[in-house]
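Asks: sequence first, then the predicted structure, then my questions.
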Amino acid sequence: MTRVGGVVLVVDQLGSVDPGHAAAIHAFERARDPSHTRLLADAEIRAMLETNGLAVTHAEFTTESRELEWYLDLVGLEGVKRDRARSLAPGPVFEVDVGWYVARSSRS
């Protein structure tokens, strides 16, 4: 929670609105990081912020290129688990959409 008028920055990879693509990316992310729950689409992030008394005042979207081996190294994945994640990966280099949201607390 933030005070009234306080500002929050949320930066996260965006989920797909296409159910098939979302399921494939979820399977990969879950194999890469077992603590992963799911990626949220833009509308879901906005709804979550609004539900929690935060009004989005600015949003930007970027595309990041990720190198698979580097991305797997980030979580220290090795052996069979690394091979499993590799088999589910979108490719050796892949792009992800990232949302940057600035939201201001509107609760009094």
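Replies: Alright, I've got the coordinates.
Asks: can you give me the mean pLDDT across stretch 63-72?
Replies: Average pLDDT, stretch 63-72: 98.
Asks: quick one: contacts of that stretch?
Replies: 13, 32, 82, 85-86, 89, 91-98 (C-beta atoms under 8 Å, 6 or more residues apart in numbering). Backbone N, C-alpha and C define where each C-beta goes, glycine included.
Asks: okay, now Tyr71: neighbour count?
Replies: 19 (other C-beta atoms under 10 Å).
Asks: check Arg107 too.
Replies: 13.
Asks: tell me which element it is part of?
Replies: Element membership for Arg107, per DSSP states H and E: none, as it lies in no helix or strand.
Asks: ok but Ala22 is inside a helix, no?
Replies: Yes. Under DSSP: H, G, I helix; E, B strand; the rest coil, Ala22 falls within a helix.
Asks: picking up where we left off before, mind putting the contacts of stretch 63-72 into a markdown table with pLDDT?
Replies: Listed next are the contacts of stretch 63-72 as a markdown table, based on pLDDT from 0 to 100:
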| residue | pLDDT |
| --- | --- |
| Gln13 | 97 |
| Arg32 | 97 |
| Arg82 | 98 |
| Ala85 | 98 |
| Arg86 | 97 |
| Ala89 | 97 |
| Gly91 | 96 |
| Pro92 | 97 |
| Val93 | 97 |
| Phe94 | 96 |
| Glu95 | 96 |
| Val96 | 96 |
| Asp97 | 97 |
| Val98 | 98 |
